[in-house]
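Pasted the sequence and its predicted model underneath.
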Amino acid sequence: FSVTKKLTSPIDGQKPGTSGLRKKVKVFIQPNYLENFVQSTFNALTAENVRGATLVVSGDGRYYSKDAIQIITKMAAANGVRRIWVGQNGLLSTPAVSAVIRERVGVDGSRASGAFILTASHNPGGPHEDFGIKYNMENGGPAPEGITDKIYENTKTIKEYLIAEDLPNVDISTIGVSSFGGPEGQFDVEVFDSASDYVKLMKSIFDFESIRKLLTSPKFSFCFDALHGVGGAYAKRIFVEELGAQESSLLNCVPKEDFGGGHPDPNLTYAKELVARMGLGKSSSGEPPEFGAAADGDADRNMVLGKRFFVTPSDSVAIIAANAVEAIPYFSAGLKGVARSMPTSAALDVVAKNLKLKFFEVPTGWKFFGNLMDAGMCSVCGEESFGTGSDHIREKDGIWAVLAWLSILAYKNKGNLDGGKLVSVEDIVRQHWATYGRHYYTRYDYENVDAGAAKELMENLVKLQSSLAEVNGIIKGIRSDVSKVVHGDEFEYKDPVDGSISKHQGIRYLFEDGSRLVFRLSGTGSEGATIRLYIEQYEKDPSKIGRDSQEALAPLVEVALKLSKMQEFTGRSSPTVIT
Ligand code: VG1
Ligand code: CO
């Protein structure tokens, strides 16, 4: 092939958000849009991570992925990349990409140093929906802000990109290596099985034999919903083929370009089928399974459900951390530390304190956990947004979280599978609350509101923080049964490893009784602005830990909405999604 230099000019709005660049497909398919971003990424990396390097290119299989893989491959060849690795049919979950960078050895002994992940995660897919791209580094984690800022700067000045126009399209449906000759020598595209490396890693972490006993026990029943995302490819291999679950326990496990027209976000609103099966929906029928879980489009998120029971993601990471050493062989030597994102509830903090573990609070987005893990300071971490994971890779990991829960269930039921009463998901969570107290928690999302209005609402909240006396006066006027605000700020994070500082990471109101209100603007949307409101209240009194969460939080919710003047600024009388 030959290398062509194409002239181009900057395109507005290519700033990577919380997790890469996400836009409507119609934006991505504009001439030079993808090309500009990809070239800007190459230009932001060190020369040795491009020239002669091995890069992974794959994703959740959403609409436009297949075209994007061909374009990126041709640009990689032209930029002197030595090898491209593609999961069969372009499919790799985000956690599997991370695993592949860290663990996989190519047929010729090569190792990858980075990846383009093609996904807009939990956002819908299809010609009228979202596409996305993000770059991961040699540690398997998302590019840090230093790099994403550089990529953005490059998109603002880009004048040309390189592409091998005459490189033939590669067949990504067949496993094998295709080799081509270019001006600088050989260029290979290796297509490999999407699941093998990931399955191998999971087997090295968990005790598959004990999970298998649980899953095949007549006492236990299981259900997994991939929401037509890439998780389906792994669910079948792991839950059915390796662990003996029934094929009928898999819902929506065939990956689709448009996720079957749905919103591939594992929460109580969007995972409707699973929610109904688990006895939590309005139209449920029959006896629900003991355990249910879902993953998002790129399978890095997870939702865990028990029979007629919802586990909040903030509780989930705390419970995994509390049980990891006993239940999961990978952690048997102890946890190096635990971490959560700022808006995630403090349930994990209480576990860390009781178990005397190192603890970190980082800004929203997985990239901040990576530095801690690379430095050996953190083993288990999580976010309230249905993200849970560990230092086995540098992304959150939906299937891993399901396996972690199955491990805990298997451990707690060791003696019960032949006789005795099954310890359920609900039992485990209630026992956890009894030991550590309960963090009532909810999140209100206002999606696609006017960007100007959202900005004003946030500015108003920051301004209010200059006088807590005034804030407390307003709150007293709204509800007299709510505790008082003792601290208000905009969250700022200093990375303990590299000293870098991230500012404006969300507005916090901290109350005397440990309650918190947090307001943030989403960094993953593709249209307008999304306001996220996080509400949390701690209850230690065992007689008060069994309440309905929305009811327990009602006073704080009222305060949050009125204090922020939510309806006044956004015109919305209710949120788009409540989790
Ligand atoms: C959201 C979540 C955040 C998560 C991010 C990426 O970001 O709040 O916790 O890490 O999505 O998840 P934001 O900026 O929209 O609040 V994924 O599964 O979309 O890669
Ligand atoms: Co995701």
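That came through, no problem. Ligands and ions are numbered 1, 2, ... in the order given.

OK, contacts around the residue in the chain that ligand 2 sits nearest to?
In the chain, the residue that lies nearest ligand 2 is Ser121 (3.1 Å; C-beta to the ion). (C-beta placed from N, C-alpha, C; glycine too.) Ser121 makes contact with 19, 22, 60, 94, 132, 296-298, 300-301, 524, according to C-beta atoms under 8 Å, 6 or more residues apart in numbering.

cool, Ala233 as well?
By C-beta under 8 Å, 6+ apart, the contact set of Ala233 is 91, 93, 194-195, 253, 255.

Secondary structure element for Lys66, which one?
Lys66 is part of helix 65-78, with elements assigned from DSSP states H and E.

Burial check on Lys503, number of neighbours?
When neighbours are defined as other C-beta atoms under 10 Å, Lys503 has 9 of them.

which of the contacts of Ala233 count as buried?
In terms of neighbour count (16 or more other C-beta atoms under 10 Å), the buried residues within the contacts of Ala233 are 91, 93, 194-195, 253, 255.

now Pro124, what's its secondary structure?
Of the three states, Pro124 takes coil under DSSP: H, G, I helix; E, B strand; the rest coil.

Hmm, Phe259 and it touching each other?
Yes - between Pro124 and Phe259 there is a contact under C-beta atoms under 8 Å: 6.3 Å.

The two: which has the busier surroundings?
Under the criterion of other C-beta under 10 Å, the comparison of Pro124 against Phe259 puts Phe259 first, with 29 against 21.

In space, what's closest to that one - neighbours in sequence excluded?
Excluding the flanking residues, the one nearest Phe259 by C-beta to C-beta, 6 or more residues apart in numbering is His228, at 4.2 Å.

Can you tell me the element that neighbour falls in?
For His228, there is no enclosing helix or strand under DSSP H and E.

ok so Ser480 is a helix residue?
No - counting by three-state DSSP, Ser480 falls outside a helix, being coil.

Point me to the residue of the stretch 251-400 of the chain nearest ligand 1.
The minimum distance from the stretch 251-400 of the chain to ligand 1, using C-beta to the nearest ligand atom, falls at Ser385 (3.5 Å).

can you count the residues close to that residue?
The burial count for Ser385: 26, using other C-beta under 10 Å.

who in the stretch 451-579 of the chain is up against ligand 1?
For the stretch 451-579 of the chain, the contact set with ligand 1 under C-beta under 6 Å from any ligand atom comprises 522-524, 532.

Sort out for me which of the buried ones among the contacts of Ala233 are in helices.
Among the buried ones among the contacts of Ala233, none falls in helices (DSSP state H).

Adding pLDDT and distance to Asn154, write these out as a markdown table.
Converted to a markdown table, these look like this (pLDDT from 0 to 100; distance: C-beta to C-beta, whole Å):
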| residue | pLDDT | distance to Asn154 |
| --- | --- | --- |
| Leu91 | 97 | 29 |
| Ser93 | 98 | 28 |
| Ser194 | 96 | 31 |
| Ala195 | 96 | 34 |
| Cys253 | 96 | 39 |
| Pro255 | 95 | 32 |
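
Please enumerate the helices of the stretch 451-579 of the chain.
For the stretch 451-579 of the chain, helices defined by DSSP state H, counting those that start in this stretch occupy the ranges 451-464, 468-478, 549-564, 566-570.

er, the stretch 151-300 of the chain actually
Secondary structure of the stretch 151-300 of the chain by DSSP H, counting those that start in this stretch: the helices cover 196-205, 208-216, 231-235, 272-277.

just those helices: most buried one?
With neighbours taken as mean count of other C-beta atoms under 10 Å, the helices of the stretch 151-300 of the chain reach their highest mean count in helix 231-235, at a mean of 29.

circling back: following the helix holding Lys66, which helix or strand shows up next?
Scanning forward in sequence from helix 65-78 by DSSP H and E, the next helix or strand is strand 83-87.
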